[in-house]
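> Provide a 3D model corresponding to the input given below.
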Amino acid sequence: MVAMVADANDDMTKMPTETGSPSIQEPISVVVVTYNRVRLLDRTIKAVLTQSYGNFELLIADDASTDGSQEVCERAQAADRRVRYVRRTTNLGMPQNLNLGLREARYDSIAILHDDDQYSPRLLESWKRALDAWPTAGFVFNAYQSVSISSGELCITCEPFLACTAGRRFLERAFFARWRFDSPVWGCAMVRKKALEVVGYPDEHFGFWADVDFWMRLAAQFDVAYVPEPLITITAATEAPHQFDDDFQSQLRLIAAAFLAARRRHYPAGSCLARLEQVKHRVFLAAVQCQHAMFEARHRIMPGRSPRRQANR
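From the prediction side, this is the model:
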């Protein structure tokens, strides 16, 4: 975990604004992207419709599912006027489907949710309160919990971030310090539309890692808010299998390219820091390759043990 410590010169030591409690609920948009997860989708829709923060539109962006998801979504749309169901005529892939959903969102605060995870009834309220409290934040995310596949125990991932961290500081300490090229934001967050308009939409070039590049671009321009409560329970990959090319080398190339691009944007070209970060990047890349080779070798020796994977996306 990466410690976020405020120092005397940190502009995030200021107090939040007094608008932190959304007594008058402004409308927000909730975008759920989905593809062929009908067994879990109904649970997700119900979790959104029973949120304590009730003034929202739920935009379900269906990427041409073929498993009965359309019927589930149409039923929800008929039963609740807040639901807006949009079905793609052809399968576009997650990044393009998400981008269309973001463009179709009507309101200033946009929650991005997966179609398979479990959400606390206070999720939207907590996110909106955080954005209201920290006007300089471009997005907000939270702690997570998941069930261990091996032990069945509930695992909580809560990192020691500040309630709001200066974006550039967050980039350096929460992203660039992670040698596995992983992200502290696991795909779900609430984004300000004005921040989206400044940095642009997720870059579809990065495939299923487009959101990681998106969080880094947002942090380069805006501060980052955090709610230290496990408001999202991550569904195990055994229940919701990956829906992207799981080839390790191709996925590593994409995520490493996103991190390298972020480093190059962040540090002045030709500076000592930029050169140091280039070296660090290469060391991290070599370490990930080495770790994967060790897992593969162990898997060949003990076929019952699978190489460790990152959290399901």
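
> and the lengthiest helix in the chain, what does it pack onto?
Criterion DSSP state H: the longest helix present in the chain is helix 272-301. Judged by 3 or more Cβ pairs under 8 Å, 6 or more residues apart in numbering; DSSP states H and E, the packing partners of helix 272-301 are helix 248-266. For glycine as for every other residue, the C-beta is placed from the backbone atoms N, C-alpha and C.

> pLDDT averaged over the helix it packs on - what is it?
Helix 248-266 shows a mean pLDDT of 95.

> helix, strand, or coil at the residue nearest in space to the middle of the chain?
In the chain, the residue lying closest to the centroid (Cα atoms, centre = their mean) is Gly187, at 1.8 Å. Secondary structure state of Gly187, per DSSP: H, G, I helix; E, B strand; the rest coil, is coil.

> so where's this structure uncertain?
1-23, 148-150, 237-246, 303-313 (pLDDT under 70).

> one more pass at 50, please.
Counting by pLDDT under 50, the chain shows low-confidence ranges at 1-14, 19-22, 305-313.

> the strands in it, which residues?
For the chain, strands defined by DSSP state E occupy the ranges 28-34, 56-62, 83-87, 109-113, 118-119, 137-147, 154-157, 164-165, 189-192, 223-234.

> who does the third one touch, helix- and strand-wise?
Where contact means 3+ Cβ pairs under 8 Å, 6+ apart, strand 83-87 is packed against strand 56-62, helix 69-79, helix 94-104.

> just name the most buried of those.
strand 56-62 (a mean of 24; mean count of other Cβ atoms under 10 Å).

> relative to strand 109-113, how tilted is that one?
For strand 56-62 against strand 109-113, the angle by axes from the mean of the first three to the mean of the last three Cα atoms, to 10 degrees is 40 degrees.

> run a quick neighbour tally on Asn55.
Asn55 is flanked by 15 other residues according to other Cβ atoms under 10 Å.

> ok, Glu125 next?
By other Cβ under 10 Å, 18 other residues sit near Glu125.

> quick one, phi/psi of Arg106?
phi -100, psi -20 (degrees, to the nearest 10).

> thought it was touching Glu57?
Yes. Using Cβ atoms under 8 Å, Arg106 is in contact with Glu57, at 6.1 Å.

> now do the shared contacts for those two.
Pro27, Ser29 (Cβ atoms under 8 Å, 6 or more residues apart in numbering).

> now Gln145: how far from Trp186?
Here Gln145 is placed at a distance of 11 Å from Trp186 (Cβ to Cβ, to the nearest Å).

> more crowded one of the two?
Trp186 (22 against 17).

> was I right about that one contacting Thr235?
No. Judged on Cβ under 8 Å, Trp186 makes no contact with Thr235 at a distance of 11.2 Å.

> before we move on, the earlier item: using TSV, please lay out the helices and strands packed on strand 83-87 together with distance to Pro268.
Formatted as TSV, the helices and strands packed on strand 83-87 follow (distance: least, Cβ to Cβ, whole Å):
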stretch	distance to Pro268
strand 56-62	39
helix 69-79	48
helix 94-104	30
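
> looking at the ones you listed, which is closest to Ala210?
With distances scored as Cβ to Cβ, the stretch of the helices and strands packed on strand 83-87 nearest to Ala210 is helix 94-104 (4.2 Å).

> how about residues contacting that closest one?
Under Cβ under 8 Å, 6+ apart, the answer for helix 94-104 is 31, 33, 35, 59, 61, 63, 84, 86, 88, 92, 110, 112, 196, 201-204, 206-208, 210-211, 243-244.

> return the distance of it from the chain's centre.
How far helix 94-104 lies from its chain's middle: 14 Å, per Cα atoms, centre = their mean, to the nearest Å.

> now swap in stretch 123-142 and tell me
That offset, for stretch 123-142, works out to 14 Å (Cα atoms, centre = their mean).
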